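Novice: Sequence plus predicted model, see below.
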Amino acid sequence: MKKISLLFKETSEGLIKNNLKTSDSVFILKYSGVSSPALSLLRLSLRQAKANLFVVKNTVARRAFKNSPCQDLIRLIDGPCGLVFVRDEPVDTCKILANFSRSHESLKLEGGLLKDKIIEKKDIERLSRLPSKEVLRAQVVMTLNAPISKLVIVLNQTLKKLVYCLDQIKNKKGG
């Protein structure tokens, strides 16, 4: 019969591997010095963004990351680390992590894997400053709509000038 600690480690490793398969992105953060209620608040915020924080022993995380797309992230796993698995929009998760790290200085963003690209802390900060997907879509629509709107305005002005010109001709002829 296996020891409980060994079963726990095997289960944790399996959960990490399963999350790596089902997640689009993974972020690594160091949470040393962050209170338990603050981590619970972070977990709740992340859950609303369809992400979850997973705290596990470093040896288990390293073993799970070995021979996976996250293999290059093993160097970031040092000290008390948490893994954030993202199933939806990574920008929303980056915003939550960046805001939380600003208000809790002991939380340190280390880096992660965005789709298939390894990113550093500065990249997570940059992603957190991006507008939401809805705002970006609205900006694209406005950009595409601008030339058409300007054309309509120009054509409308030309018609107004034509009507004004015909009115002046009518007034000259005494009509």
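Specialist: Cool, the structure landed.

Novice: and residue 107, what does it touch?
Specialist: Residues near residue 107 by C-beta atoms under 8 Å, 6 or more residues apart in numbering: 29-31, 33-34, 42, 100-101. Every residue, glycine included, has its C-beta placed from N, CA and C.

Novice: That one and residue 60, how far apart?
Specialist: Using C-beta to C-beta, to the nearest Å, we find residue 107 at a distance of 21 Å from residue 60.

Novice: go on, residue 113?
Specialist: Taking C-beta to C-beta, one finds residue 113 at 18 Å from residue 60.

Novice: neighbour-wise, which of these two wins?
Specialist: residue 113 (24 against 19; other C-beta atoms under 10 Å).

Novice: for that one, helix, strand, or coil?
Specialist: strand (DSSP: H, G, I helix; E, B strand; the rest coil).

Novice: Mind listing the residues bridging to it?
Specialist: Residue 113 forms beta bridges with residue 26, residue 118, as assigned by DSSP bridges.

Novice: mind listing what it touches?
Specialist: 25-27, 69-70, 73, 119.

Novice: Quick check: the farthest pair among the residues you listed?
Specialist: Between any two of the contacts of residue 113, the greatest separation by C-beta to C-beta is 13.9 Å, found for 27 and 69.

Novice: Of these two, give the one with the bigger neighbour count.
Specialist: residue 27 (27 against 15).

Novice: mind listing what the nearest residue to the more buried one once chain neighbours are set aside touches?
Specialist: Distances taken as C-beta to C-beta, 6 or more residues apart in numbering place residue 112 nearest to residue 27, at 3.6 Å, with adjacent residues excluded. The neighbourhood of residue 112, defined by C-beta under 8 Å, 6+ apart, consists of 25-28, 73, 84, 118-119, 124.

Novice: The chain: strands as residue ranges?
Specialist: 25-30, 51-55, 81-86, 108-114, 117-120 (DSSP state E).

Novice: Could you list the buried residues of the last one?
Specialist: Under the neighbour-count criterion of 16 or more other C-beta atoms under 10 Å, strand 117-120 has residue 119 buried.

Novice: which secondary structure elements does it contact?
Specialist: On a contact count with 3 or more C-beta pairs under 8 Å, 6 or more residues apart in numbering; DSSP states H and E, strand 117-120 meets strand 108-114.

Novice: And for the first one?
Specialist: Other elements packing on strand 25-30 under the criterion 3+ C-beta pairs under 8 Å, 6+ apart are strand 81-86, helix 90-103, strand 108-114.
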